[in-house]
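[1] Next come a sequence and a model predicted from it.
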Amino acid sequence: MNNEQNKFCKHCGEKIPTDAIICTKCGRQVEEIKKSGNEQIIINNNNNAVASATAIAGVSRMGRPKNKWIALALCILTFCGHKFYEGKIGMGIIYLFTGGLFFVGWIIDIISLLGKSNPYYV
């Protein structure tokens with residue numbers, strides 16, 4: 001590479017090609033995108049690594065929606081029904097055998113369910 005084909009990035013100072021609009025080293029925009037006539041500018045930004053990884057794994061970012069009032073009714077009427085409703089089977093079994101973690105966990109769950117939005121996501 002000779003100096004005639006390079007310029008310097010005004011952000012990081014590294015040598016970049018003269019026709020570069022975005023610095024190849026730091027990724028910041030160096031020049032304005034110039035549009036002449038009916039020319040259409042297409043920017044390809046395929047930064048879908050996280051979205052495609054979650055889609056492949058079958059994981060939803062929001063979780064499973066649950067109705068607040070159904071969970072609250074299950075919590076009040078049983079010590080453990082709301083845990084099974086949320087899909088937390090292990091905690092449901094623990095709540096079943098300990099009486100809602102000796103009533104303390106049950107009361108905390110009632111208060112926390114009252115503070116959640118409807119629907120809430122688990």
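    Perfect, I can see it now. Numbers count the residues shown, from 1 in each chain.
[2] make it CA atoms for all contacts and neighbour counts henceforth
    Will do.
[3] Show me what counts as buried in stretch 83-101.
    By neighbour count on 16 or more other CA atoms under 10 Å, the buried set for stretch 83-101 is Lys83, Phe84, Tyr85, Glu86, Met91, Gly92, Ile93, Tyr95, Leu96, Gly99, Gly100, Leu101.
[4] how close does Pro119 get to Gly13?
    Between Pro119 and Gly13 the computed distance is 51 Å (CA to CA, to the nearest Å).
[5] ok, back up a step: mind listing which of the buried residues of stretch 83-101 are in helices?
    Using DSSP state H, the subset of the buried residues of stretch 83-101 located in helices is Lys83, Phe84, Tyr85, Met91, Gly92, Ile93, Tyr95, Leu96, Gly99, Gly100, Leu101.
[6] you'd agree the third one is up against Ala71?
    Yes: under the criterion of CA atoms under 8 Å, Tyr85 makes contact with Ala71 at 6.9 Å.
[7] need the helices for the protein, in chain order.
    49-57, 68-77, 81-85, 89-102, 104-115.
[8] Indicate which one of those helices is closest to Ile22.
    Ile22 lies closest to helix 49-57 among the helices of the chain, at 21.0 Å (CA to CA).
[9] I'd say Gly99 and Phe79 touch.
    Yes: Gly99 lies in contact with Phe79 (CA under 8 Å); the separation is 6.2 Å.
[10] sorry, back to before: take the ones in helices among the buried residues of stretch 83-101 and lay them out in a markdown table including pLDDT.
    Shown next, in a markdown table, are these (pLDDT from 0 to 100):
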| residue | pLDDT |
| --- | --- |
| Lys83 | 94 |
| Phe84 | 95 |
| Tyr85 | 95 |
| Met91 | 94 |
| Gly92 | 94 |
| Ile93 | 94 |
| Tyr95 | 94 |
| Leu96 | 92 |
| Gly99 | 89 |
| Gly100 | 86 |
| Leu101 | 88 |
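[11] In TSV, list the residues you listed along with distance to Thr24.
    Listed next are those as TSV, based on distance: CA to CA, whole Å:
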residue	distance to Thr24
Lys83	51
Phe84	52
Tyr85	51
Met91	51
Gly92	54
Ile93	56
Tyr95	57
Leu96	59
Gly99	62
Gly100	58
Leu101	57
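[12] No more questions from me, cheers.
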